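1. pasting the sequence and the predicted coordinates here, then a few questions.
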Amino acid sequence: MYKLTGVTRTYRKGGKTVDALAGVDVVIGDREWLAIQGPTGHGKTTLLQLLGGLDRPTSGTILFDGKNLGEMTEAEITRVRATSIGFIFQTFNLIPTLPAAVNVELALAPLRLDAAERRAQVARALDAVGLTDRAGHLPAELSGGQQQRVGIARALVKDPAVLLADEPTGNLDETTRDEIIDLLAQLVRDRGLTLVMVTHDSTVAARAERIGQMRDGRLLFDGAPVTGGDRQP
Amino acid sequence: MLFLTYLRLELRHRLRQAVFIAAGLAVGVALVITVSAVAAGTSDAQAGVLHGLYGIGTDMTVTRPFGHGDTSPGHQVNAGEHVDWLGTNRGLFGSSAVPAIAGLPGVRSAVGVLVADQSWTPLNGHVARTPSNPYGLPLSIPVDGVDPASQRLGPLSEARVISGRDLTAADSDSDVALLDSGYARANHLRTGSVITIAHHQLRVVGIVTEPGGTVPDILIPLRVAQALSNAPGKITTVDVAVDSAADLAAVTAKVKAQLPWADVTTSATLAHEISGSLGETARLARDLGRWLAIAVLAAAFLLAALLTVTAVTRRVREFGTLKALGWPARRITGQVLGESVTIGIAGALVGTGLGYAAAAVISRIARNLTATVAAAPGHREPMGFIAGSNARTGQHFYHPIPFTGTLDSLPIHFSAPVGAGVVALAIGLGVAGGLLAGALGSWRAARLRPTVALAHAG
Ligand SMILES: Nc1ncnc2c1ncn2[C@@H]1O[C@H](COP(=O)(O)OP(=O)(O)O)[C@@H](O)[C@H]1O
Ligand SMILES: [Mg+2]
């Protein structure tokens, strides 16, 4: 799915430069579930942004399905995001003024679907995350776990190839965390998705097929899950 | 439609702010409409005043300043003496000026008028003393000598014959007269009656009325008027119509070159002379009103822009999320623009309603304005006298004095019309306010880092 070669990303911060990514080389296979762990400030989010085409590398190449993301026009990258990539956020990022169903529907807006088909897909996605009866609720009327389910429905509704999740359980208690991870695991398996998930939580990381460690902008694999990782502050 | 659902729910969420912005725009738009309506009303009213003075179609009036030997001499009047003569206190000039002006390029037509007054006392010489005539001076009755062949210009241009007939070319030397309907009614005169001017009898052939009420009391053929006032071949006024109003200044210059003594008055020069409550209203609408409208509109635009930018800044994460969902930048921009244009349209509609209401209220309050006009030199103004009496002999005397710029106070029917163009402009302004705010907002949104959606809250 992804092939990253020598990917760097340098930020300028008031005269100083920060190498958020300092040469990442990795191949992420189709239908693979990759967990990325590592302490805060070591480049995990930056890597997800590059994988999602929200940002471009300072150097190196990112091949997505064989196409170089760094060489695509903004319109092409936007199109890839709209059709093939689903984001799941730690803070859920639902639009507070819109009911759950409309939040999910927003992900279909860039696609040319007629209203009936859009609504049918939204209904299926909400059903898949078990929230059919909450379709008309505003985010503020939902629990954290329910909000993240809406977030997952929004990421899945367009039937993407890849899910990119940044600390999807970071704001949830343990019981809810396990429910959400179970749900994700099931959906990824059923739909054959590639999942790249950043997490501090080793329990969560342990569910993945492979775990990478971000250290000072580099992604390291030692083959075995790391236990007792850092906790979220 | 998702666009509308999102727009509606977002605006409902920010209802207080949206109402606030819309209200600001509404006040600005309402002021623009009101001020424009008042300005249109005053310019209509001014045009009405000018037409009243000149007659429709008259673009320019040529007169001659009063000078020595121009007019009838002063008269010594003995108490109880019967007075009846026709005279003028305006500058006289030869009627050859009419063809001279008519021949100038840019002039469509020109007619000469002799503006005069009949001074008159009853046979016993005793005029009732009234507050407006404390000395019991002879009555002064406005009489115009007009060219019976060409009445499309001048005092008769707007008059309508309501009884009898109009003057015709055949009347040039006939002892006939037209009467203003008000004068005829007050003096129990009708078609067929006989009146006396300067001891000369004339037959009333028609009664005329004119909406502005500014026709002189009596109209007689020009040559008859010249004979009766002892001023053969002389006139006081030439009414001129030009081919194009845009040429007015050029024609004015040509007239002055041709007739160096001429005073040329145009509606443009006279508009500046209009004072009184109409003049005040016009000035208020023109100066204060316009600036107030611009200031309020600018403030409303600024407010809308600031609040929209603030709101957009608060929605950083929302727009970042939309971007992550694959929304093209222009779609996000469109959403922001849609919201503020909707607010702008709402403000414009409410403002249009308010503006209509304000214009209606002003029309009602200001229905009876008066216009004080420095009377056109060639036309009607009160006759002036120097008057007194000799204590020893008991003789009264009076002397007609030349026109020196007396003021006429005319009642004006005022209304502030709201034109379709103004409404379109106002709605355009409201939408423009929304667009401006939205453009600034989406410019701000576009400058936001696209990655903020993933930035952690803590
Ligand atoms: N937009 C940015 N501008 C400047 N520096 C940034 C920006 N985003 C991230 N960084 C820096 O890059 C490094 C990596 O950040 P990030 O990828 O967010 O780490 P993580 O997600 O692992 O906590 C940090 O030092 C952070 O301060
Ligand atoms: Mg991070």
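-> Nice, I can see it. Numbers count the residues shown, from 1 in each chain, chains lettered A, B, ... in the order given. Ligands and ions are numbered 1, 2, ... in the order given.
2. just the element for residue 219, please.
-> Just going to use chain A. Per DSSP states H and E, residue A:219 falls inside strand A:218-220.
3. not what I meant, chain B
-> For residue B:219, the host element (DSSP H and E) is strand B:218-221.
4. likewise for residue B:443?
-> helix B:420-447.
5. residue A:164 now?
-> Here residue A:164 is assigned to strand A:162-166, by DSSP H and E.
6. toward the C-terminus, what is the element adjacent to that strand?
-> Counting by DSSP H and E, what follows strand A:162-166 is helix A:174-191.
7. so what touches the helix or strand following that following helix?
-> Downstream of helix A:174-191, the next assigned helix or strand under DSSP H and E is strand A:194-198. For strand A:194-198, the external contacting residues (C-beta atoms under 8 Å, 6 or more residues apart in numbering or on different chains) are A:1-2, A:28-37, A:44-45, A:47-48, A:51, A:161-168, A:184, A:188, A:204-205, A:208. No exception for glycine: its C-beta is placed from N, CA and C like everyone else's.
8. pull out the buried members of these.
-> A:1-2, A:28, A:32-37, A:44-45, A:47-48, A:51, A:161-168, A:184, A:188, A:204-205, A:208 (16 or more other C-beta atoms under 10 Å in any protein chain shown).
9. determine how far the strand holding residue B:219 lies from the middle of the whole chain.
-> Put simply, strand B:218-221 sits 28 Å off its chain's centre (C-alpha atoms, centre = their mean, to the nearest Å).
10. partners of that strand, with directions?
-> strand B:139-146 (parallel), strand B:176-180 (antiparallel) (DSSP bridges).
11. got JSON lines for these, with distance to ligand 1 too?
-> What follows is those, written out as JSON lines (distance: least, C-beta to the nearest ligand atom, whole Å):
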{"stretch": "strand B:139-146", "distance to ligand 1": "88"}
{"stretch": "strand B:176-180", "distance to ligand 1": "87"}
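12. let me know which of the ones you listed is tucked in deepest.
-> Across these, averaging neighbours per residue (mean count of other C-beta atoms under 10 Å in any protein chain shown) puts strand B:176-180 on top, at a mean of 25.
13. buried residues of the next helix or strand after it, list them for me.
-> The helix or strand immediately downstream of strand B:176-180 is helix B:181-186, counting by DSSP H and E. Residues of helix B:181-186 classed as buried under the neighbour-count rule (16+ other C-beta under 10 Å) are B:181, B:183, B:184.
14. show me what helix B:181-186 is packed against.
-> The helices and strands touching helix B:181-186, judged by 3 or more C-beta pairs under 8 Å, 6 or more residues apart in numbering or on different chains; DSSP states H and E, are strand B:200-209.
15. endpoints of stretch B:189-200, how far apart?
-> One end of stretch B:189-200 sits 17 Å from the other (C-alpha to C-alpha, to the nearest Å).
16. which of the residues in that stretch are buried?
-> Across stretch B:189-200, burial judged by 16+ other C-beta under 10 Å covers B:189, B:191, B:193, B:195, B:197, B:198.
17. and for stretch B:330-345?
-> B:332-345.
18. do the same with stretch B:420-436
-> B:422-423, B:425-427, B:429-436.
19. from these, which is closest to chain A?
-> Relative to chain A, the closest of those is residue B:434; by C-beta to the nearest C-beta it sits at 19.2 Å.
20. just confirm residue B:192 is within a helix.
-> No. If the criterion is DSSP: H, G, I helix; E, B strand; the rest coil, then residue B:192 is coil and not within a helix.
21. my read is that it contacts residue B:207, right?
-> No. The pair residue B:192 and residue B:207 does not pass the contact test of C-beta atoms under 8 Å, sitting 10.4 Å apart.
22. contact residues of chain A facing ligand 1?
-> Residues of chain A lying close to ligand 1 by C-beta under 6 Å from any ligand atom are A:11, A:13, A:18, A:20, A:38, A:40-46, A:214.
23. recalculate using a threshold of 5 Å.
-> A:11, A:13, A:18, A:20, A:40, A:41, A:42, A:43, A:44, A:45, A:46 (C-beta under 5 Å from any ligand atom).
24. how about the residue in chain A positioned nearest to chain B, what does it touch?
-> Closest to chain B within chain A is residue A:82: 2.6 Å, counting by C-beta to the nearest C-beta. If you count contacts by C-beta under 8 Å, 6+ apart, residue A:82 has them with A:110, A:111, A:158, B:325, B:326, B:327.
25. out of those, which is nearest to ligand 2?
-> residue B:325 (19.3 Å; C-beta to the ion).
26. and the helices in chain A?
-> Ranges of helices in chain A, per DSSP state H, are A:44-51, A:74-84, A:100-105, A:115-128, A:144-156, A:174-191, A:202-205.
27. could I get the full set of helices for chain B?
-> Under DSSP H, chain B gives helices at B:2-13, B:15-54, B:97-102, B:181-186, B:222-228, B:248-258, B:267-271, B:276-284, B:290-314, B:316-324, B:329-365, B:420-447.
28. can I get the ones you listed in a markdown table including distance to residue B:168 and mean pLDDT?
-> Formatted as a markdown table, the helices of chain B follow (distance: least, C-beta to C-beta, whole Å; pLDDT from 0 to 100):
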| stretch | distance to residue B:168 | mean pLDDT |
| --- | --- | --- |
| helix B:2-13 | 71 | 92 |
| helix B:15-54 | 23 | 79 |
| helix B:97-102 | 19 | 93 |
| helix B:181-186 | 20 | 89 |
| helix B:222-228 | 13 | 93 |
| helix B:248-258 | 29 | 88 |
| helix B:267-271 | 29 | 62 |
| helix B:276-284 | 37 | 64 |
| helix B:290-314 | 49 | 85 |
| helix B:316-324 | 82 | 89 |
| helix B:329-365 | 42 | 89 |
| helix B:420-447 | 43 | 84 |
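29. relative to residue A:62, which of those helices is closest?
-> helix B:316-324 (16.5 Å; C-beta to C-beta).
30. what's the nearest residue in chain A when you look at ligand 2?
-> residue A:45 (3.2 Å).
31. what about that residue, distance to residue A:30?
-> Using C-beta to C-beta, to the nearest Å, one gets 24 Å for the distance from residue A:45 to residue A:30.
32. partners of the strand holding residue A:164, with directions?
-> According to DSSP bridges, strand A:162-166 has the following sheet partners: strand A:85-88 (parallel), strand A:194-198 (parallel).
33. tell me which residues are up against it.
-> A:1-2, A:44-45, A:48, A:51-52, A:84-90, A:155-156, A:184, A:188, A:193-198, B:454.
34. that strand to helix A:44-51, inter-axis angle?
-> Counting by axes from the mean of the first three to the mean of the last three C-alpha atoms, to 10 degrees, strand A:162-166 points 160 degrees away from the direction of helix A:44-51.
35. can strand A:162-166 be said to contact ligand 2?
-> No. Strand A:162-166 is not in contact with ligand 2 by C-beta under 5 Å from the ion; minimum separation 6.1 Å.
36. need the CA coordinates for that strand. PDB is fine.
-> The C-alpha coordinates for strand A:162-166 follow below in PDB (Å, rounded to 0.1, in the frame of the first residue of the first chain):
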ATOM      1  CA  VAL A 162      -6.500   2.900   4.200                       C
ATOM      2  CA  LEU A 163      -7.400   4.000   7.700                       C
ATOM      3  CA  LEU A 164      -5.100   6.400   9.500                       C
ATOM      4  CA  ALA A 165      -5.800   6.700  13.200                       C
ATOM      5  CA  ASP A 166      -3.900   9.000  15.500                       C
END
